[in-house]
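Asks: Predicted model, plus sequence, below.
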Amino acid sequence: MPTLRISALLIASAASSAFAHENVTSIRVSGDMTCISSNGAPNHEMGQFPNRANPNAFREQDLTFCYPSSPRMAQTITRNLMTVGVSVTGVPIRPYTAGYYDPNGRRGFSKDSSSGWRQQAMHNPHSLGMDDQNAHVDRSGLYHYHSVSSDLLSSQGGTLIGYAPDRFEIRYSPSTATSSWQLKSGVRPTPPGKAYDGTFEEDFEYIAKTGTLDECNGSQVNGTYTYFATDTYPYFPRCFKGEVNPRFMTRN
């Protein structure tokens, strides 16, 4: 298959306080894998980085995402992947944070996971310096989404957002695809205590059939398993029912 190259120049005005970047994406088939390569820049306007809550500057990347060309369901569910998908424009989807509750940490969080309470990004996205597209950059300058982006949807058209590491599609259909993850009732049994309010990943639990989607935010659509982005937790799939490429995202 010939390489498909997509390029879109984004021009941002000074008044918008956003940077202008060129999205460069290519798609190729390599053996039994299909690979999306990109420079990590979105094809829409990006917020200003660094900002008051995020000291990191965006840097163009050399990213490659490879997934099976022919997806197949697996016998076991894959969990705990940091990169849960890639947009069709080559921008990673990474809904988790690296922060955990730590009373001695900056703003009450650190990378020490011993508390067992992981910061949930969309509870207070402004505290992580996210832009209007529910995205920000990490210390390496990698721009990535934590939740669905309105500009990403409008720039692509349709419901397709991108692909999971097992190649099954990630779509957005808020009127028909709803999450079955719900906020727990009661009080956290260990510090920081207090009522479950969505501050942490562990504040949520899967309750089957309370929405239309399964525990991985997926369902069968016309006989094909499909993941969905949702407006409520978990926002993107956090587990995968297909055969996953363990080296889904690589940086060159």
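Replies: Thanks, I have it. Note that the coordinates shown come from a computational prediction; the quantities given were computed from them, not determined experimentally.

Asks: pLDDT at the residue nearest in space to the middle of the chain, what is it?
Replies: Centrality entry for the chain: nearest residue to the mean C-alpha point is I93, 2.7 Å, by CA atoms, centre = their mean. We have a pLDDT of 97 for I93.

Asks: Please name the residues that touch it.
Replies: 83-87, 144-145, 161-162, 170, 236 (CB atoms under 8 Å, 6 or more residues apart in numbering). Glycine gets a C-beta too; all of them are placed from N, C-alpha and C.

Asks: what does R94 give?
Replies: Applying CB under 8 Å, 6+ apart, the residues near R94 are 82-84, 144-146.

Asks: pLDDT weak spots in the chain?
Replies: Residue ranges of the chain with pLDDT under 70: 1-20, 154-157.

Asks: hey, where'd the helices end up in it?
Replies: 150-156 (DSSP state H).

Asks: Could you pick out the longest strand of this structure?
Replies: Of all segments of type strand in the chain, defined using DSSP state E, the longest is strand 22-30.

Asks: Partner strands of it, with direction?
Replies: As defined by DSSP bridges, the strand partners of strand 22-30 come to strand 4-9 (antiparallel), strand 33-38 (antiparallel).

Asks: Mind listing what's buried along the last one?
Replies: The neighbour-count check on strand 33-38 (16 or more other CB atoms under 10 Å) flags 34-38 as buried.

Asks: Ok, stretch 51-64 next?
Replies: For stretch 51-64, using 16+ other CB under 10 Å, the buried residues are 51, 54, 56, 58, 61, 63-64.

Asks: Send me that stretch as PDB with only the CA atoms.
Replies: Extracted in PDB, the C-alpha atoms of stretch 51-64 (Å, rounded to 0.1, in the frame of the first residue of the first chain):
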ATOM      1  CA  ASN A  51       1.100  27.900  30.900                       C
ATOM      2  CA  ARG A  52       0.500  28.700  34.600                       C
ATOM      3  CA  ALA A  53      -0.400  25.100  35.500                       C
ATOM      4  CA  ASN A  54       1.900  23.300  33.000                       C
ATOM      5  CA  PRO A  55       5.500  24.200  32.700                       C
ATOM      6  CA  ASN A  56       6.100  22.000  29.600                       C
ATOM      7  CA  ALA A  57       6.600  23.300  26.100                       C
ATOM      8  CA  PHE A  58       5.300  21.400  23.000                       C
ATOM      9  CA  ARG A  59       8.000  19.800  20.900                       C
ATOM     10  CA  GLU A  60       7.500  18.000  17.600                       C
ATOM     11  CA  GLN A  61       8.000  14.200  18.000                       C
ATOM     12  CA  ASP A  62       8.900  11.300  15.700                       C
ATOM     13  CA  LEU A  63       6.100   8.900  16.700                       C
ATOM     14  CA  THR A  64       4.900   5.600  15.200                       C
END
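
Asks: contacts for that stretch?
Replies: With CB under 8 Å, 6+ apart as the criterion, stretch 51-64 contacts 19, 21, 35-41, 46, 49-50, 90, 92, 126-130, 136-143, 249-252.

Asks: Count residues in the vicinity of T25, would you?
Replies: 23 (other CB atoms under 10 Å).

Asks: again with T76
Replies: Applying other CB under 10 Å, we find 8 other residues in the vicinity of T76.

Asks: do the one 10 residues further on as well
Replies: V86 has 29 neighbouring residues, counting by other CB under 10 Å.
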